[in-house]
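requesting a structural model of the entry that follows:
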Amino acid sequence: MQLKELADLLMIAEIRGDVNTDISEIRMNSQHVQPGDLFVCVPGISGFQEDRHRFAADAVKAGAAALVIEYDVDLDLPTIKVPNARYAMALFASHLNGYPSLGLSLIGVTGTNGKTTTCHMIDSILVQAGYTTGLMGNLGTKIGPTMIESDINTQEPPSLQSNLKKMLDAGVEYCTMEVSSQGLHMGRVLGCEFSTAVFTNLTQDHLDYHGTMEEYLAAKGMLFARLAQSFSPDPAKRKFAVLNADEEASTVLGQLTAAQVLTYGIRNQADVMAANIQLTSQGTSFDLISFAGTIRIHLKMVGTFNVYNALAAITAALAENIPLEIIQEGLAHLDGIPGRMEVVDEGQPFLVLADYAHTPDGLEKVLSTIRGFADRKVITVFGCGGDRDSGKRPVMGKIAANYSDYVIVTSDNPRSEDPDQILIDIEEGLKEFGYPADRYELIADRKQAIETAIRRAEPIDVVLLAGKGH
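Numbering: from 1, shown residues only. So this is what the prediction gives:
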């Protein structure tokens, strides 16, 4: 594809150099540039992303054929100067890959917690219904039966659109995608035609990026505002917003979209509800009461939070007219998700669980669930990420103190921060709670922290390894 074809997609752009230059791929990481690529110089985001204009010369050395820029760089290469490089990148990536989201049904899941589990639940139901599926999220990209590792939750447009194209080429009919607030705010999913958007919940996280909970919610709202603004007589083109009726934020999200709103919940009246919930250490069962009928649901996963995740997945499946019996089977066959209340069984006489919980709400939900079935001590190993929302650190310290018999505070991706300082921030919460000093340790080395927890554990205890690193 020639540079001119991409430039012609923009009403406002300043083009310099040979517009007939051939473009093979689009990149925003100079280390990945191959000869013939278009390198996009996206601006920097303080604390999160460096200004890619700084790496334009490196991209040229690697063989970049042209550049997209927001401000001038002193390089002799064809360039497209634009007001918004991120918008141009998303548009170009979608065009270069043939607008792949138009060829499949795309379901987006957003929320603070539960995105990964809900996506995998939806995928399991769709597979049970006989569809060829794709999945994008925290655990990687699944194209049909093949899972490919990924180092990012919501991918940047060049990778995202390329993977959607690969899915289309592989015969994928449905793709379920985790859509993060940062991904929405950065424009990563611009150009994606979602058929259904699912909201799980909203609790404190990412305030280092968004600043306030209001801005955090506004970012989530982009998915629903872009979902639909018109109606269609074609059933295949109808859009759905799946909202948690037990979350106040759902009122705001419901007002942002012209899509049909379907609600789920436990406490408040909703279109899809759970009743007669039975929670055990081995799994969860509940009566599903919905506009499509009533049926008993069995999960191999534990916790009330997984009832919510299941309700979200069920509602999304009902929007696709999948029968209740298929939904029931799809959920029953799902063994679990890596790092989501995952049992680590090496024959030890105590239970070890690995869970991704890295927010106050996530940690509290997991620990309260464990506390509900633990017969003896609960030993918690957790930390907080560096260069991220520091306000949640003491809050998570208090939560760990409230539910645990012993706490080991450790590293969880400190990035550029001093790991010991992060531990001290968390310790403030333990101290404020009045947690005895002989019932917790600060161990920056995560491996050592886990080994310490395992050595302390006695028969029938429960050890929780929380956060990233599963």
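
how about the helices in the stretch 1-150 of the chain?
Taking DSSP state H, counting those that start in this stretch to define them, one finds helices in the stretch 1-150 of the chain at 3-7, 56-61, 85-96, 115-128.

which secondary structure element of this protein has the lowest mean pLDDT?
Least confident helix or strand, the chain: helix 207-210 with a mean of 69, by mean pLDDT, DSSP states H and E.

tell me the helix or strand right after that helix.
Next helix or strand after helix 207-210 toward the C-terminus (DSSP states H and E): helix 213-225.

ok, and what's touching that following helix?
The contact list for helix 213-225, computed with CB atoms under 8 Å, 6 or more residues apart in numbering, reads 108, 110-111, 179, 181-182, 184-185, 189, 194, 197, 199, 202, 204-207, 210, 241, 249, 252-254, 256-257, 259. Just so you know, the C-beta spots here come from the backbone N, C-alpha and C atoms, and that holds for glycine as well.

flag every buried residue along that helix.
Residues 216, 217, 218, 219, 220, 221, 222, 223, 224, 225 are the ones in helix 213-225 that count as buried (16 or more other CB atoms under 10 Å).

ok, now how distant is the fifth one from residue 214?
Spelled out, it's residue 220. 11 Å (CB to CB, to the nearest Å).

where are the low-confidence patches of this structure?
Along the chain, the parts satisfying pLDDT under 70 run over 204, 206-208, 469-470.

care to break it down by domain?
According to automatic domain parsing, the chain comprises the domains 3-88, 100-332, 342-466.

output the helices of the stretch 1-150 of the chain in JSON lines; the columns should cover distance to residue 421 and mean neighbour count.
What follows is those, written out as JSON lines (distance: least, CB to CB, whole Å; neighbours: other CB atoms under 10 Å):
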{"stretch": "helix 3-7", "distance to residue 421": "46", "mean neighbour count": "19"}
{"stretch": "helix 56-61", "distance to residue 421": "33", "mean neighbour count": "18"}
{"stretch": "helix 85-96", "distance to residue 421": "33", "mean neighbour count": "23"}
{"stretch": "helix 115-128", "distance to residue 421": "29", "mean neighbour count": "26"}
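
in JSON lines: those helices, plus distance to residue 373.
Below are the helices of the stretch 1-150 of the chain laid out as JSON lines (distance: least, CB to CB, whole Å):
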{"stretch": "helix 3-7", "distance to residue 373": "56"}
{"stretch": "helix 56-61", "distance to residue 373": "54"}
{"stretch": "helix 85-96", "distance to residue 373": "46"}
{"stretch": "helix 115-128", "distance to residue 373": "19"}
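
nearest to residue 466, of the ones you listed?
Within the helices of the stretch 1-150 of the chain, the stretch nearest residue 466 is helix 115-128; the backing value is 14.7 Å (CB to CB).

which elements pack onto that closest one?
Counting contacts by 3 or more CB pairs under 8 Å, 6 or more residues apart in numbering; DSSP states H and E, helix 115-128 is packed against strand 105-110, strand 133-137, strand 174-178, helix 304-319, helix 324-332.

reformat the ones you listed as a markdown table; add distance to residue 23.
Below are the helices and strands packed on helix 115-128 laid out as a markdown table (distance: least, CB to CB, whole Å):
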| stretch | distance to residue 23 |
| --- | --- |
| strand 105-110 | 25 |
| strand 133-137 | 24 |
| strand 174-178 | 25 |
| helix 304-319 | 37 |
| helix 324-332 | 41 |
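
which among these is found nearest to residue 372?
helix 304-319 (9.1 Å).

pull the contacting residues for the residue nearest the centre of the chain.
Nearest residue to the geometric centre of the chain (CA atoms, centre = their mean): residue 178, 4.3 Å. Residue 178 is in contact with 109, 110, 115, 116, 119, 136, 137, 138, 153, 154, counting by CB under 8 Å, 6+ apart.

tell me how far it lies from residue 158.
With CB to CB as the criterion, residue 178 and residue 158 are 18 Å apart.

repeat that for residue 12.
Applying CB to CB, the value for residue 12 to residue 158 is 22 Å.

please apply the same query to residue 152.
When residue 152 is compared with residue 158 (using CB to CB), they lie 12 Å apart.

which residue packs closest to residue 72, ignoring adjacent ones?
Leaving aside its sequence neighbours, residue 72 sits nearest to residue 81 (CB to CB, 6 or more residues apart in numbering; 7.3 Å).

that neighbour: neighbouring residues, count only.
Residue 81 is flanked by 19 other residues according to other CB atoms under 10 Å.

beta-bridge partners for it, please?
Beta-bridge partners recorded for residue 81 (DSSP bridges): residue 14, residue 69.

doesn't residue 66 make contact with it?
No - counting by CB atoms under 8 Å, residue 81 stays clear of residue 66, with 11.5 Å between them.

quick one: the helices in the stretch 351-470 of the chain?
Using DSSP H, counting those that start in this stretch, helices in the stretch 351-470 of the chain cover 360-373, 392-403, 419-433, 446-456.

dump the residue contacts of residue 271.
Contact analysis of residue 271 by CB under 8 Å, 6+ apart lists 262, 263, 264, 290, 291, 315.

looking at residue 12 and residue 158, which has the bigger crowd around it?
Applying other CB under 10 Å to residue 12 and residue 158 shows that residue 158 carries more neighbours, namely 23 against 8.
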